[in-house]
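Asker: Based on what follows, work out the 3D shape:
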Amino acid sequence: MSKPFFNIYSHDFARVAVGVPRCRVADPVFNARQTLELAAEAAKNHVALITFPELGLSTYTCDDLFHQGALLDACTNALGTIVAASEDLPLAMVVGLPLRVEHKLFNCAVVVAGGRIQGVVPKSYLPNYGEFYEARQFSPADQATCSEISLLGQTVPFGPALLFQVENLPLFRFHVEICEDLWTPIPPSSFAALAGATVLVNLSASNIVVGKSAYRHQLVGQQSARCLSAYLYSSAGTGESTTDMAWDGQALIYENGEMLAESPRFLDSSHMITADVDLGRLSHERMRTGTFGNSVRRHAAEVGRFRCIAFTLELPRDEKLPLKRNVERFPYVPADRRRRDERCDEVYNIQVQALVQRLGATGMEKVIIGVSGGLDSTHALLVCAKAMDRLGLPRANIIGITMPGFATSDRTLLQARQLMDVIGCSASEIDIRPSCLQMLKDIGHPFARGEERYDVTFENVQAGERTSHLFRLANLHNGIVIGTGDLSELALGWCTYGVGDHMSHYSVNASVPKTLISHLVRWVAETGQIGSSGSEVLLGVLGTDISPELVPGKSGDQPEQKTESAIGPYELQDFNLYYTLRFGFSPSKVAFLAHAAWSDRDKGRWPEDLHVLRNEYDMAAIKRNLGIFLHRFFKTSQFKRSCIPNAPKVGSGGSLSPRGDWRAPSDSESVVWMTELENIPG
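Answerer: Take a look at the predicted model:
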């Protein structure tokens, strides 16, 4: 039976939760009841795994009460209640309690699922400094000599090196550590990740003091990033004794350094957070990061100690289960304005620094750039201007050329003139129509005989003439030609090969997608970096339809072509590019994410700029445009990317240079991607 498309478990996601129950000191019955209430709520929300705080069945602040047999027996009985209840709950639970093993007492995490105890993990590192006295009551994990224990009539695995595998969710393997384990130089979870754990779980008590919450974020975020994993963190909350400490009940879920969920702190009631963890993303990151595999080999002894316990969960695979996770519509452009401005500033400076270095290496002091009055050449010109400023050279060393052709509009021609004026470059204008007409006549094209044939030859003659002029001008002025084409165009093959906009001496935009370039230009305008008159020109460019302006329109000044009518909306195609190039996701997963991001304009975050059109796309539109992307990206365009000019990589979202992120055969087929596309609804 085929997997339902609109279900997170069909696309390598897993819903996880962190619960912080209200508790009572030394009252395991009450604590178990509160724990099960949160577990039942999690089950209703289709959670696969929920974790609770350290020593949650007893509470952490029992001190020497931990040596009272009555309390220890009550904790074991409370665990029995949870195990029995788990038979009717289709999820795994991780609960904390003290357990007697080999005449020693251990601070333990117990994994429960399907009416059974799947394993018991003792705490490895016991804090015995500051306000902590755990070594007074507990023994560390390495003092145990057994690998199995008898508990509630079951023989169960025991030890810190246990991995728990959800058999019917192959990428879901988790490891459990307890509080201080994370605070050590090499946490046990580091080796667990190398042994295959994609989800790391931490049962913590962690009293609160000033600044500690932020430090927890740093620890959890960095551990999830370093281990290429998800990390679930639960700390004790209301009900713990405040005899000497206070508690805030913080719960965190991170994935590869990114926070997915955080609970409010200092709540008086039980609370829970959930998040949908992308196991496929984590798996891909490990696969592409060769040093992760190198670390497995380097630490083979530690990795080899782990035992894997497998069990199944009753996952809700046969129903519609939408993604509960923010998926950015513009993965290259942060929605938050402050972060967006930081991103623009950094990208801009990367481009400028790269061009400065290239000019220094060539010993040349002049650049030649074709200025169309459109978006890409505008931004490239801004980069050139900043590079000249940084080199202490006059902007007149920028040779700006606008080259109107058969379909150039009055608007873009005016914008090109105005832009070169406000930048202060050396500006000139070359009408390419006579030379194009001569070329068309030489090759016997019907247009030269008066026929209105606007075919690809007609278009490429103009593109080639422009590039030919630029290179000869570079010879004349002893400069280099600056390429203006962007990452989105390279992905879709939307450039004229060889003697066309495909070629230059150095390309500054080749790793910057179209959606980010528009924000870069707006950022320059809004920050007034070229004066108020310059900002007005930039805003005019941003309001211009994207077109190559190579085919005359039927009415007056407007060109016939609209780029997005031919290759799809750039906002969707940049989305497709990001998840295909950066994470290697299959078409079905890309479409699933696109539907989550774009199907409803009223959901999710938008960039905080009023100019952003709040478009939405149904599944049919998503599938249609994804088909355009897949065919062009995998089948028809690689030969252009295999020989592109030098250009700086600017973001982790990828570069299509064969010397950078992407190496692919120019004659590959797209059949496997297009075949999967057919199975996507819409």
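
Asker: Which residue, other than its chain neighbours, is closest to Val156?
Answerer: Ile117 (4.7 Å; C-beta to C-beta, 6 or more residues apart in numbering). From N, CA and C alone the C-beta is placed, and that goes for glycine too.

Asker: What is the one helix or strand that neighbour maps to packed up against?
Answerer: According to DSSP states H and E, Ile117 maps onto strand 116-122. Where contact means 3 or more C-beta pairs under 8 Å, 6 or more residues apart in numbering; DSSP states H and E, strand 116-122 is packed against helix 69-86, strand 92-101, strand 104-113, strand 148-151, strand 154-157, strand 162-166, strand 173-178, strand 307-311.

Asker: ok so, going back, burial count for the residue nearest to Val156?
Answerer: 22 (other C-beta atoms under 10 Å).

Asker: ok, it touching Leu151?
Answerer: Yes. Ile117 lies in contact with Leu151 (C-beta atoms under 8 Å); the separation is 5.9 Å.

Asker: between the two, what contacts are shared?
Answerer: Here Ile117 and Leu151 share the contacting residues Leu79, scored by C-beta atoms under 8 Å, 6 or more residues apart in numbering.

Asker: Alpha carbons of stretch 195-214, as CSV, please.
Answerer: In CSV, the C-alpha atoms belonging to stretch 195-214 read as follows (Å, rounded to 0.1, in the frame of the first residue of the first chain):
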residue,chain,number,x,y,z
ALA,A,195,27.0,4.9,16.9
GLY,A,196,24.0,6.0,14.9
ALA,A,197,21.7,7.9,17.3
THR,A,198,19.9,10.6,15.4
VAL,A,199,17.9,11.8,18.5
LEU,A,200,19.6,12.5,21.8
VAL,A,201,17.6,12.7,25.0
ASN,A,202,18.5,14.4,28.2
LEU,A,203,16.6,14.0,31.5
SER,A,204,17.7,16.9,33.6
ALA,A,205,16.8,18.5,36.9
SER,A,206,19.0,21.6,36.6
ASN,A,207,18.1,24.2,39.2
ILE,A,208,17.9,27.8,37.9
VAL,A,209,20.3,30.6,38.6
VAL,A,210,20.9,33.8,36.8
GLY,A,211,22.2,33.2,33.2
LYS,A,212,21.8,29.4,33.3
SER,A,213,18.9,29.3,30.9
ALA,A,214,21.0,30.9,28.2
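
Asker: Okay, buried residues for that stretch please.
Answerer: Of all the residues in stretch 195-214, those buried under the rule 16 or more other C-beta atoms under 10 Å are 195-208, 213.

Asker: what about the longest helix seen in the chain, average pLDDT?
Answerer: In the chain, with assignment by DSSP state H, the single longest helix is helix 337-362. Averaging pLDDT along helix 337-362 yields 96.

Asker: Following the chain past it, name the next helix or strand.
Answerer: Following helix 337-362 in sequence, per DSSP H and E, is strand 367-370.

Asker: Just the closest of the buried residues of stretch 195-214 to Cys23, please.
Answerer: Ala205 (10.5 Å; C-beta to C-beta).

Asker: I'd assumed Gly237 was in contact with the closest one.
Answerer: No. Between Ala205 and Gly237 there is no contact, the gap being 9.7 Å when judged by C-beta under 8 Å.
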